[in-house]
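1. Quick one, fold the following:
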Amino acid sequence: MAYSPIEEHGVIGNTRTIALSCTDGTIDWLCYPHFDSPSVFAAILDDEKGGYFRISPVRPDFDYKQMYWPDTNILVSRFLSSDGVSEVVDFMPISANESCPRHPVVRMAKAVRGSVRLRMECIPAFNFARDDHTVRIDGRRALFESKDLNLELLANRDLEVRDNGCFIEFTLHQEESAVFLLQEASDAGSASEFTRDQAQQMLDETTRYWQRWLAQCTYAGRWRETVNRSALMLKLLTFKPTGAIIAAPTCSLPEALGGERNWDYRYAWIRDAAFTLYALMRIGFADEAAAFMAWVEQRCGELNPDGSLQIMYGIDGRHDLTEHILDHLKGYRGAKPVRIGNAAFSQFQMDIYGELMDTVYLFNKYGSPISYDLWKQLTRLVDYVCVHWREPDEGIWEVRGGRKNFVYSLVMCWVAIDRALRLAAKRSFPADNERWIKVRDEIYEFIMEHGWSKKLRAFVQHTDCETLDAANMIMPLVFFLSPTDPRLLHTIDAVNQPPHKGGLVSDSLVYRYNAADSIDGLSGQEGTFNICTFWLVEALTRAGRFDKPRLTQARLMFEKMLSYGNHLGLFAEEIGPQGEALGNFPQAFTHLSLISAAFNLNRALEGWR
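-> Presented below is the predicted three-dimensional model:
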């Protein structure tokens with residue numbers, strides 16, 4: 001089985017886990033039952049032993065298309081051949097009343113035109129293909145038993161054992177269907193088959209759930225469907241039992257083919273989650289913010305001995321995310337090592353306090369007023385920033401080449417104190433105003449003196465260096481600088497040059513930094529970073545409210561960036577040299593920054609009418 005390109009996938013989910021389903025009808029990634037559980041299907045990381053669940057035509061000469069059911073996360077894969085047209089509807093049932101406690105994956109195959117012969121293969125590989133399993137078939141039920149997890153596959157037709165999995169070939173005539181349900185096996189056993197009526201009921205409930213959720217969206221500007229798709233994707237990345245929000249549902253999809261930049265993103269970063277909530281609140285979704293605030297309040301009760309937060313946690317709040325290498329897996333198209341866990345959990349990153357305080361400030365303003373008890377926890381974090389802001393850190397890009405005074409981290413330290421002061425004033429909370437104001441202003445002056453390069457006439461990656469960093473495009477977005485401040489405009493212009501002229505932009509796509517000049521401690525190159533492209537769009541947009549050519553450039557850059565999304569409007573972390581998706585997929589960073597850029601760009605364009 002050849003590796004399907006990352007961009008050839010859609011996703012389905014139930015706010016507990018996510019499966020990747022390829023255009024050829026193969027589910028080649030599923031961690032079960034939760035985002036950070038071991039994988040059941042991981043063929044995307046090893047096409048021989050990773051495991052997969054495929055429904056596709058027997059004939060090899062077919063074309064395929066994919067779409068989402070309108071305003072839902074229900075995925076339709078369509079196969080077109082000379083015999084006829086068939087389709088597979090993939091979804092994970094979800095409803096307001098939690099009617100599916102074992103969180104199944106449902107696949108409904110149907111002949112739309114003509115008569116088509118299809119093949120179904122379900123070959124799990126438990127625990128990242130490390131655990132053996134047995135298969136037992138009882139008519140229309142297959143039972144897969146492993147050391148720590150038992151799954152069952154129910155169907156509306158008889159199944160056969162093959163290759164440590166189950167298999168069936170069947171012919172469907174027009175309007176006929178076959179249905180399959182994969183779920184955790186219960187101790188008491190299950191019904192011996194799964195009917196079309198049961199599948200249809202689950203489909204109807206799931207459709208209503210997603211459409212009702214999306215109906216809360218207040219965005220009505222340009223690119224509405226694109227914004228809606230990104231919102232639906234961000235909702236999929238929330239973990240309903242705790243309120244945590246993951247960065248991406250996959251691990252070890254490479255930032256460069258064959259390279260070592262392969263990470264596990266199935267965890268809750270304070271930074272990513274805070275940005276995600278900003279994007280969702282911007283367009284009317286407040287419930288997710290309230291759930292995340294409850295999760296944050298719990299983490300604030302578990303601070304490190306020095307009073308700091310970790311940069312990331314497990315979705316259940318666990319602190320230890322020790323990184324392991326899976327040597328037995330080949331990696332996506334040979335990209336090794338395959339990593340699970342993430343050693344960055346122990347890194348020192350000062351920027352997280354700014355992103356968190358900015359989100360708390362906005363939640364208090366647009367969501368619900370925060371409690372006094374949460375405020376007292378937050379003041380401890382602000383005091384921590386006041387003491388430690390001068391210390392070098394690993395920064396937003398989680399470098400593994402040594403700590404530096406990253407300008408982005410310093411800006412976010414300023415944001416943390418600034419938002420705390422604003423929140424205290426708005427709510428009349430008790431605060432150490434004199435000290436906070438003094439430190440906030442010290443940080444500002446330090447950035448202006450040590451984060452600015454007179455040679456480049458731009459803000460740089462870290463103090464006293466001559467390297468650009470696209471993360472500094474955040475400055476006008478967090479109101480650190482006016483969008484028309486000459487220093488900011490010079491920085492935008494410096495970044496917005498091609499790499500051979502010292503910049504970071506390649507035909508509207510933005511590298512986060514020059515990997516050859518940076519100190520990230522890793523070998524090899526990487527693609528352009530999608531969040532940086534949208535940050536540059538937004539920086540140009542804000543400057544463009546007073547300078548129409550910049551606004552025109554922002555719109556063109558935004559439209560070009562959208563063209564790099566896949567056929568469903570989904571994005572990974574990066575774009576490769578041939579326009580391919582790179583990195584974990586789909587990526588919260590990309591979709592949240594898309595929403596923010598669309599919101600502000602649309603508003604600016606309306607202002608120029």
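2. Where do the helices of the stretch 501-609 of the chain begin and end?
-> Secondary structure of the stretch 501-609 of the chain, counting by DSSP state H, counting those that start in this stretch: helices at 530-544, 548-562, 588-607.
3. go on, the chain?
-> Counting by DSSP state H, the chain has helices at residues 126-129, 196-214, 224-236, 270-282, 287-300, 352-366, 372-388, 407-427, 433-450, 486-495, 530-544, 548-562, 588-607.
4. So residue 531 versus residue 511, what's the distance?
-> Distance, residue 531 to residue 511, by C-beta to C-beta, to the nearest Å: 12 Å. (Each C-beta comes from the backbone N, C-alpha and C, glycine too.)
5. who has more neighbours, those two?
-> Per other C-beta atoms under 10 Å, whichever of residue 531 and residue 511 has more neighbours is residue 531, with 29 against 24.
6. Please read off the pLDDT at the more buried one from the model.
-> Listed pLDDT for residue 531 reads 97.
7. got a list of what it touches?
-> 587, 589-590, 592-593 (C-beta atoms under 8 Å, 6 or more residues apart in numbering).
8. 6 Å instead, please
-> Neighbouring residues of residue 531 by C-beta atoms under 6 Å, 6 or more residues apart in numbering: 589-590, 593.
9. can you check residue 558 too?
-> Listed by C-beta under 6 Å, 6+ apart, the contact set of residue 558 reads 537, 601.
10. picking that back up, and of the helices of the stretch 501-609 of the chain, who's closest to residue 476?
-> Residue 476 lies closest, by C-beta to C-beta, to one member of the helices of the stretch 501-609 of the chain: helix 530-544, at 4.8 Å.
11. tilt between that closest one and helix 588-607?
-> Calculated by axes from the mean of the first three to the mean of the last three C-alpha atoms, to 10 degrees, helix 530-544 forms an angle of 20 degrees with helix 588-607.
12. Helix 270-282 and helix 530-544, what's the angle between them?
-> 50 degrees.
13. chain center to helix 530-544: distance?
-> 19 Å (C-alpha atoms, centre = their mean, to the nearest Å).
14. go on, stretch 537-547?
-> Stretch 537-547 sits 26 Å away from the centroid of its parent chain (C-alpha atoms, centre = their mean).
15. Please enumerate residues in contact with it?
-> By C-beta under 6 Å, 6+ apart, the residues outside stretch 537-547 that reach it are 473, 476-477, 483-484, 492, 550-551, 553-554, 557-558, 597, 600-601, 604.
16. Could you list the buried residues of it?
-> Going by neighbour count (16 or more other C-beta atoms under 10 Å), the buried part of stretch 537-547 is 537-545.
17. next one: stretch 108-118
-> The neighbour-count check on stretch 108-118 (16+ other C-beta under 10 Å) flags 108-111, 116-118 as buried.
18. got the domain boundaries for this structure?
-> Listed by automatic domain parsing, the domain ranges of the chain are 6-213, 216-607.
19. Any idea how far apart the tips of the shortest one sit?
-> Its start and end residues considered, domain 6-213 measures 28 Å (C-alpha to C-alpha, to the nearest Å).
20. What mean pLDDT does it get?
-> Domain 6-213 shows a mean pLDDT of 94.
21. biggest strand in this structure by residues?
-> The longest strand of the chain (DSSP state E) is strand 105-123.
22. Direction included, what does it pair against?
-> Next to strand 105-123 in the sheet, as set by DSSP bridges, lie strand 52-57 (antiparallel), strand 84-91 (antiparallel), strand 165-173 (antiparallel), strand 177-184 (antiparallel).
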